[in-house]
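Q: here is my input; please provide its structure:
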Amino acid sequence: MKKIDPDAPRLVAQNRKVRHEYLILQELEVGLVLLGSEVKSLRTGRCSLAEAHVRAKGGELFLVGTHIPEYVHAGKQNHEPTRTRKLLAHKREIAGLERASREKGVTIVPLSLYFLRQHAKLKIALVRGKKMHDKRAATRERDDKRENAREAKRNERR
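A: Next up is the predicted model:
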């Protein structure tokens, strides 16, 4: 039987499009301010980061556009699914992200949402949009790497 490591992060949601659409300049792990019903809903593995982005305003970070569905058993104390949520990070990190996000073409997006021990964490990234030729080059590079791995495996068998 496989033992579960309690310190290993447990992935809830991932924004896969980010790595294709954007060039990642910097990554950062931050905490989230959540309501009880949101935590319960996340523990069931329900969340969407597809349309989400992060806003830096007044020395604070806010997660906008994330959809965490209502928790079925919460009753009257349920949360609004698409509400803006505050993110927790050090002042110096926030100031750096805020400064960098003012640049033209640079934004902050969430990469993944996960639980680390009992805390919900969000991995965010400072990104710049890729041009169409950059996307094609990345796809070509990935395909070449895959083909080289197949070729190496074939040569290994002989």
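Q: nearest residue to the middle of the chain?
A: The chain has residue 111 as the residue nearest its centroid, 1.9 Å off, counting by CA atoms, centre = their mean.
Q: ok, that one - contacts?
A: 14-15, 18, 27, 123-125 (CB atoms under 8 Å, 6 or more residues apart in numbering). C-beta: built from backbone N, CA, C; applies to glycine.
Q: next, the buried residues of the host helix or strand of it.
A: Using DSSP states H and E, residue 111 maps to strand 106-116. By 16 or more other CB atoms under 10 Å, the buried positions in strand 106-116 come out as 106-115.
Q: now stretch 57-68
A: Neighbour-count burial for stretch 57-68 [16+ other CB under 10 Å]: 61, 63, 65-66, 68.
Q: what of stretch 64-82?
A: For stretch 64-82, by 16+ other CB under 10 Å, it's 65-66, 68-69, 71, 78-79.
Q: tell me the pLDDT of residue 143.
A: The confidence metric pLDDT takes the value 89 at residue 143.
Q: tell me how many other residues crowd it.
A: 10 (other CB atoms under 10 Å).
Q: tell me which element it is part of?
A: helix 132-157.
Q: list the helices and strands that helix packs on?
A: helix 17-21 (3 or more CB pairs under 8 Å, 6 or more residues apart in numbering; DSSP states H and E).
Q: tell me the average confidence for the helix it packs on?
A: 85.
Q: which strands and helices lie in contact with it?
A: Helix 17-21 packs on strand 119-129, helix 132-157, going by 3+ CB pairs under 8 Å, 6+ apart.
Q: list the buried residues for that helix?
A: Buried residues in helix 17-21 (16+ other CB under 10 Å): residue 18.
Q: what does that helix rub up against?
A: So helix 17-21 is contacted by 24, 50, 109, 111, 125, 127, 129-130, 135, 138 (CB under 8 Å, 6+ apart).
Q: which two in those residues are spaced the farthest apart?
A: Farthest pair in the contacts of helix 17-21 (CB to CB) is 50 and 138. Separation: 20.0 Å.
Q: got a list of what the closest residue to residue 54 other than its chain neighbours touches?
A: Closest residue to residue 54 apart from its sequence neighbours, by CB to CB, 6 or more residues apart in numbering: residue 108 at 3.9 Å. Applying CB under 8 Å, 6+ apart, we find residue 108 in contact with 53-56, 61, 97, 101, 124-127.
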